[in-house]
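Asker: I'd like to go over a predicted model; first the sequence, then the structure.
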Amino acid sequence: MFIAILFNVTTLGLVPRFLAPGVNTIAGKALRCTGIAVYACLRLMHTVLSYARGNHPVSAPTIGRLHRRTATCLTTRHETLACVEIGSGGQVSRCLTSEPGSSAFFAGSLIFPADAALWPQAITGDGSWRAAPPSSHTRLAGLAGVAQAAFGTDWGLAVECLPANKQTSLSLALLFPDGNAVSDTVFLAEDAAQTGEERLVQCVLGLLAQRLEEHNEKSP
């Protein structure tokens, strides 16, 4: 309203001519400040709504912290991890090997296509889990066991990424050294603030670090 009054009084000639440039300058600055404030409010609203939907913006430091949490859990106990990825193009493995010293806990990965008929028979064997439905606990736990056996590691991780109604269904199973396994499934919605790879990696590393920390607390 203040800006409108300034423009009106200068336009109608209600201020002396020598004062008009100063008034116009004030109005221009006020208009720019208002524009900046509106933009900041819109960005804040977008961030709040993103967090409310569970789609937190991902940054390199965030992924780096999750990587370090995973590395700490494994290296402090001198344990190792291997991974099988389905439909994710090796994104998780690339992240796990992106930091120096990752070879101390990460042994390697197997990258499989989404179609189970294309999986190499020599690696996957004839276990009953092979015919289990996609994203099921039985199938993922079996795949985690394949990674564990192939690389001779303490832990096995299986990640399966499938499209589902404009979302991405992300399922993973973690096979413990004692043979027990836990699995999780989450749905990643589209978010302009993040790439699909960022959301996937953040989610997998977050769940992996959480499971490892819980195990270490229960079994010091």
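Answerer: The structure has been received and is ready for your questions. Since the model is a prediction, treat every value here as computed from it, not as a measurement.

Asker: Would you map the strands across this protein?
Answerer: Assigned by DSSP state E, the chain shows strands spanning 81-86, 106-112, 155-164, 167-175, 181-189.

Asker: and the shortest one, what does it pack onto?
Answerer: If I follow you right, that is strand 81-86. On a contact count with 3 or more CB pairs under 8 Å, 6 or more residues apart in numbering; DSSP states H and E, strand 81-86 meets helix 91-96, strand 106-112, helix 137-151, strand 155-164. For the C-beta atoms, the positions are set from N, CA and C on the backbone; glycine is no exception.

Asker: what sits up against that strand?
Answerer: With CB atoms under 8 Å, 6 or more residues apart in numbering as the test, strand 81-86 has contacts from 70, 74, 91-93, 96, 105-114, 143-144, 146-148, 150-151, 153-161.

Asker: Quick check on those residues: which are buried?
Answerer: Buried residues within these, counting neighbours by 16 or more other CB atoms under 10 Å: 70, 74, 91-93, 96, 105-110, 112, 143-144, 146-148, 150-151, 153-161.

Asker: before we move on, the earlier item: let me have the helices and strands packed on strand 81-86 in JSON lines, extended by distance to residue 173.
Answerer: Listed next are the helices and strands packed on strand 81-86 as JSON lines, based on distance: least, CB to CB, whole Å:
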{"stretch": "helix 91-96", "distance to residue 173": "13"}
{"stretch": "strand 106-112", "distance to residue 173": "14"}
{"stretch": "helix 137-151", "distance to residue 173": "3"}
{"stretch": "strand 155-164", "distance to residue 173": "5"}
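
Asker: Dump those to JSON lines, plus mean pLDDT and distance to residue 170.
Answerer: Converted to JSON lines, the helices and strands packed on strand 81-86 look like this (pLDDT from 0 to 100; distance: least, CB to CB, whole Å):
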{"stretch": "helix 91-96", "mean pLDDT": "91", "distance to residue 170": "10"}
{"stretch": "strand 106-112", "mean pLDDT": "93", "distance to residue 170": "15"}
{"stretch": "helix 137-151", "mean pLDDT": "91", "distance to residue 170": "11"}
{"stretch": "strand 155-164", "mean pLDDT": "88", "distance to residue 170": "5"}
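
Asker: Adding distance to residue 205, write the strands of the chain out as TSV.
Answerer: As requested, these are arranged in TSV below (distance: least, CB to CB, whole Å):
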stretch	distance to residue 205
strand 81-86	11
strand 106-112	12
strand 155-164	11
strand 167-175	10
strand 181-189	13
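
Asker: nearest to residue 216, of these?
Answerer: strand 155-164 (11.8 Å; CB to CB).

Asker: which strands and helices sit next to the closest one?
Answerer: On a contact count with 3+ CB pairs under 8 Å, 6+ apart, strand 155-164 meets strand 81-86, helix 137-151, strand 167-175, helix 196-218.

Asker: ok, 6 Å please
Answerer: strand 81-86, helix 137-151, strand 167-175 (3 or more CB pairs under 6 Å, 6 or more residues apart in numbering; DSSP states H and E).
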